[in-house]
Structures are given as structure tokens and as C-alpha cells.
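J.: Take this sequence and fold it.
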Amino acid sequence: MPTEVLRYAAFTSEDGRGGNPAGVVLDAGGLDEAAMQSIAADLGYSETAFLFPREHEPNVYDVRYFAPEQEVPFCGHATIASGVALVERRPAEELVFHTPAGLVTVSTQRTDHGLVAELTSVSPRVRPAPPELVESVLGALHWSSDDLDPDYPPALANAGSEHLVLVTRTRARLADLHYDYDALAQIMRRQGLITVLLAWPEGRKLYHARNPFAGSGVVEDPATGAAAAAFGGYLRELHKIGPTADLTILQGAEMGRPSRIEVSVQRGEPGVRVRGAASAISA
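T.: The predicted model follows:
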């Protein structure tokens with residue numbers, strides 16, 4: 001029997017437009033790694049999630065994520081898409097995903113605009129980025145160190161997958177992104193980076209972001225939940241937000257796919273919550 005691959009857009013904007021397309025296979029039993037990689041490559045989305053239901057454990061799944069050119073340990077937008085796809089078919093209060101990065105929980109809520117899902121990531125790890133890595137990435141981006149905001153030091157942030165965080169001084173710098181794809185892809189593969197998270201703070205609770213994804217075969221991601229979780233951990237580590245805080249990340253506008261990601265941290269909760277809407281899209 002052919003494998004059914006669902007298509008969902010996750011982190012759609014408030015009017016339901018945009019978002020990041022993801023593939024979702026709700027029961028990947030019988031698929032080996034080569035088959036999953038082939039499906040993800042053929043689909044061409046930044047990630048496809050493959051779910052393996054656990055026998056005798058309702059609403060518990062093992063999950064693997066594949067980009068067009070490699071497997072990745074965690075993907076936020078495909079997790080949100082999977083949560084919505086599952087609950088549309090069988091309501092559940094909470095879903096448990098055992099991912100290569102660790103345990104991630106997903107809850108859903110029905111709103112006037114459809115289903116919204118919220119994941120809670122693994123506990124983020126944040127550390128200073130090596131200067132030589134920052135220099136090489138800036139070179140591939142055709143940026144300079146003067147483009148970076150000194151109040152937000154470059155860092156490696158990981159809430160399931162590794163991201164280099166670079167915060168710009170201006171919205172104009174973020175909007176002008178024409179990078180050396182091959183050079184950045186080589187750096188990202190060598191350093192194990194899933195994306196480079198480029199951000200500009202419009203305010204303490206509102207950020208604009210772009211995410212080059214060259215190392216996995218995608219020029220840019222229109223909405224990146226894993227990077228959003230990592231960014232929440234980064235801001236908490238820098239005390240840019242309090243121990244309990246909410247913020248919004250807007251992404252994808254330059255790609256014509258406006259996306260909205262809600263991020264929150266809770267006092268005493270090690271993981272970061274990432275929330276967004278998702279809906280099925282046609283092939």
C-alpha cells in the first residue's frame with residue numbers, strides 16, 4: 001500500500017496565510033531510513049515528520065524528521081503540523097513525541113481560526129559562538145561584524161537542534177539577504193548547524209527572523225519552530241526576558257509566506273513552549 005504523505009502549513013499568520021509547509025506521515029511503520037529520506041527529498045519541503053505509533057501506548061509516538069538532504073534531530077514546524085493532523089483525526093489532550101533530540105510534548109486548542117498546537121521543547125543549551133565560526137558565516141552572508149547588535153552576542157543555541165544565533169542592528173540588514181549558498185552549506189554541515197537564526201528585535205516581545213537552511217538543502221525556512229525554541233532559551237540565558245515571559249517571532253515575510261510563532265518560557269520549566277496554527281494544504 002502506498003505511504004500516505006499529508007501536507008500541512010504550520011505557523012500560519014493570523015489570517016491563515018503563509019506558514020511553513022511540512023510533510024507528515026502518521027504511520028511510518030515499514031519504512032526504512034532510505035525510504036523516508038527519499039520521500040522527504042521528493043516532497044521538497046524543509047522537513048517531513050515520520051511517526052511511529054507505540055503499541056499499547058495511546059497518543060505516544062516515536063518521531064523522525066528528514067530534510068531533503070539529511071535527517072535532522074528535531075523540527076518544530078513539522079511537530080506542530082503532526083500534532084494538528086493527529087488531533088483532527090482523533091482528539092487527544094496531550095501527545096508525547098519521542099524524538100532523536102529527546103521527549104517533546106504537544107497539546108492542542110481549537111480556536112475560531114482552527115486548531116493551534118503548542119510544543120514544549122527539550123531544555124535548551126546555549127553557549128558563546130566561536131569567533132572563527134561567526135567570521136566565516138558573516139563572510140558567507142556578505143555581512144560584517146558591524147551589522148550585529150552588540151547587546152545580543154552571537155551564540156550557539158540548541159533546543160533539539162543546533163542553531164547559530166546572529167542578531168542584527170537593523171530591519172534593513174535582515175531584509176537584505178543574498179548569501180553564498182555553497183559556502184554557507186559547507187560551513188553548516190561541518191559545524192553541525194541546522195539553521196543560522198538571523199533576528200532583529202523590534203521590541204522586547206517582538207522579533208523578526210530569517211533562517212538560512214543551506215546545510216540541509218533548503219535556501220531559507222519560512223517558519224522555524226526549533227530555532228524559535230532555541231531563541232527563547234538564548235533570550236532567557238541573556239536575561240533579555242524574565243523567567244516567565246511571552247514573545248512573538250515573525251518570519252517568512254520576505255518569502256511571501258508570512259508566519260507567526262508564539263514563544264513562551266515558564267518559571268521552573270526547563271523547556272521552551274512554541275505555539276502556532278496549522279492547517280492542511282493541497283498537494
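
J.: Just the buried positions in the host helix or strand of residue 86, please.
T.: Element membership for residue 86 (DSSP states H and E) is helix 76-89. Residues of helix 76-89 classed as buried: 76-88 (neighbour count, 16 or more other Cβ atoms under 10 Å). Using the backbone N, CA and C atoms, a C-beta is placed for each residue, glycine as well.

J.: Could you save those as CSV and add columns showing distance to residue 185 and pLDDT?
T.: Shown next, in CSV, are those (distance: Cβ to Cβ, whole Å; pLDDT from 0 to 100):
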residue, distance to residue 185, pLDDT
76, 21, 97
77, 21, 97
78, 21, 98
79, 24, 98
80, 26, 98
81, 25, 98
82, 27, 98
83, 30, 98
84, 31, 97
85, 30, 97
86, 33, 97
87, 36, 96
88, 36, 95
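
J.: which one of those is nearest residue 169?
T.: The closest of the buried residues of helix 76-89 to residue 169 turns out to be residue 76 (Cβ to Cβ; 26.6 Å).

J.: As CSV, the buried residues of helix 76-89 with distance to residue 267 would be great.
T.: CSV is the format used below for the buried residues of helix 76-89 (distance: Cβ to Cβ, whole Å):
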residue, distance to residue 267
76, 22
77, 27
78, 29
79, 24
80, 24
81, 29
82, 28
83, 24
84, 28
85, 32
86, 29
87, 28
88, 33
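
J.: closest to residue 57 among these?
T.: Once Cβ to Cβ is applied, the member of those that ends up nearest residue 57 is residue 86, at 13.8 Å.

J.: give me every residue that touches the closest one.
T.: Neighbour list for residue 86: 26, 51, 59, 92, 95 [criterion: Cβ atoms under 8 Å, 6 or more residues apart in numbering].

J.: Which parts of the stretch 1-150 of the chain are helices?
T.: Secondary structure of the stretch 1-150 of the chain (DSSP state H, counting those that start in this stretch): helices located at 33-43, 76-89, 131-141.

J.: Dump the last one to CSV, restricted to CA.
T.: Taking Å, rounded to 0.1, in the frame of the first residue of the first chain, the C-alpha atoms of helix 131-141 are listed here in CSV:
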residue,chain,number,x,y,z
PRO,A,131,34.7,33.8,16.8
GLU,A,132,36.1,32.0,13.8
LEU,A,133,32.7,30.4,13.1
VAL,A,134,31.0,33.8,13.3
GLU,A,135,33.5,35.3,11.0
SER,A,136,33.1,32.5,8.4
VAL,A,137,29.3,32.7,8.5
LEU,A,138,29.4,36.5,8.2
GLY,A,139,31.6,36.1,5.2
ALA,A,140,29.2,33.7,3.5
LEU,A,141,26.3,36.1,4.3
